[in-house]
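Engineer: quick one, structure for this:
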Amino acid sequence: MQQSCAAANLARLPLPVVPGLEDLASLFLPRNGPVLPAHDYSSSFDFDVVAGLDPAYYYYPHSCDGGAAIATPVSSVSAERKRRRLASNRSSARRSRARRQRRLHELSLRAAELLGANQRLLVDLNRVVARHGAVARENARLREEAAGLRTRLGEVEVGEAAAAAAAGQGPLRGPS
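Structural biologist: Numbers count the residues shown, from 1 in each chain. From the prediction side, this is the model:
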């Protein structure tokens, strides 16, 4: 059974020896396949070291498709670019988190403000509804009173007309 590319690359990495965990790579490799022992590169013959080249300036990519891995020089310029890019990304992430935090704080304040305004509007609405009920009751009472007064006025006019007819004078008229 073949191992995944990541597991194969992990098995090639030199790992520090931790007491009790001599083969740390086995913790990360699949349990159902063969486990390759971690290779200790410090004891192998390294031509670059013999030739006076510092192996820290070389990158050894591991090919997962069976092709040969070729060592490519890594310049200090690209390492500096990578360091600056990582620093820029961290700074950008920090600014993004700060913006998100500020926006969350602003939205929380706005929500609290809107809840307060909503409470005030509910109090005002209850006050207006109560006032409307009082005005509607007063209006109904005044309509009943007006209807009663119209009825009494009609009775008084009928009574006066009847009294005038009984006296033979006819309906009362104002001065001419």
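Engineer: what's residue 108 sitting at in phi/psi?
Structural biologist: Phi and psi for residue 108, reported as degrees, to the nearest 10, are phi -70, psi -40.
Engineer: and the gap between it and residue 100?
Structural biologist: For residue 108, the distance to residue 100 equals 12 Å [CB to CB, to the nearest Å]. Where C-beta positions appear, they are placed from N, C-alpha and C, glycine not excepted.
Engineer: could you do residue 150 as well?
Structural biologist: Taking CB to CB, one finds residue 150 at 72 Å from residue 100.
Engineer: so for residue 45, what's the pLDDT?
Structural biologist: The model reports residue 45 with a pLDDT of 47.
Engineer: for residue 173, that is, sorry about that
Structural biologist: So, for residue 173, pLDDT stands at 56.
Engineer: kindly report the same for residue 6.
Structural biologist: Confidence score, pLDDT, at residue 6: 56.
Engineer: now do the helices in the chain.
Structural biologist: In the chain, the helices defined using DSSP state H lie at 5-12, 47-50, 76-167.
Engineer: any chance of JSON lines for the ones you listed, columns mean neighbour count?
Structural biologist: Shown next, in JSON lines, are the helices of the chain (neighbours: other CB atoms under 10 Å):
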{"stretch": "helix 5-12", "mean neighbour count": "16"}
{"stretch": "helix 47-50", "mean neighbour count": "10"}
{"stretch": "helix 76-167", "mean neighbour count": "10"}
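Engineer: and those helices, which one averages the lowest pLDDT?
Structural biologist: helix 47-50 (a mean of 47).
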